[in-house]
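Visitor: A predicted structure for the sequence below; I have some questions about it.
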Amino acid sequence: MEGQSLKNVLMITALLTMMFSAQMAHSSDVDMCIKHCVSRQCPKEVKKATPAMCEVGCKKLCNEKQFDHEQYVKPGGWICKTWPSVCVFDF
């Protein structure tokens, strides 16, 4: 019984570590994108751009860019015939 509880604690610790790591990686990607955009892209694109104006626009652009490439796998064929409720999508 003691070995099982140790496994559970280790599994929960591993899951929390992975979740925290993924969040940190995403945050640093967005921060680098914003920093690059504010210092390099925005002043070239917008005449008389202020740093505050650039930061707002760059935050929006970088957040959209992070989720731009997401794709969803949609089941089809025999799966939809067998379990029709699986093939109902509300995206």
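Guide: Good, I have the coordinates. Numbering: from 1, shown residues only.
Visitor: so where is this protein shaky, pLDDT-wise?
Guide: Residue ranges of the chain with pLDDT under 70: 1, 23, 25-26, 66-76, 88-91.
Visitor: one more time with 50
Guide: Within the chain, the segments meeting pLDDT under 50 span 91.
Visitor: residues of the longest helix belonging to the chain that come out buried?
Guide: When the chain is parsed with DSSP state H, its longest helix is helix 2-36. Residues of helix 2-36 classed as buried: 30, 33-34 (neighbour count, 16 or more other CB atoms under 10 Å). Heads up, the C-betas are built off the backbone N, CA and C, glycines and all.
Visitor: Please convert those to a markdown table, extending it with distance to Lys44.
Guide: Output for those, formatted as a markdown table (distance: CB to CB, whole Å):
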| residue | distance to Lys44 |
| --- | --- |
| Val30 | 21 |
| Cys33 | 16 |
| Ile34 | 16 |
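Visitor: in stretch 32-50, what counts as buried?
Guide: Those would be 33-34, 37-38, 42, for stretch 32-50 by 16+ other CB under 10 Å.
Visitor: From those, pick the one nearest Thr17.
Guide: Top of the list for closeness to Thr17, among these and by CB to CB, is Cys33 at 25.0 Å.
Visitor: so how many other residues sit close to the residue nearest to the closest one when sequence neighbours are not counted?
Guide: Of all residues not flanking Cys33 in the chain, Cys62 sits nearest, at 3.8 Å (CB to CB, 6 or more residues apart in numbering). For Cys62, the neighbour count with other CB atoms under 10 Å is 19.
Visitor: Which SSE is immediately downstream of whatever helix or strand Cys62 lives in?
Guide: Element membership of Cys62, judged by DSSP states H and E, is helix 51-67. Note on helix 51-67: by DSSP H and E, the next helix or strand toward the C-terminus is helix 78-82.
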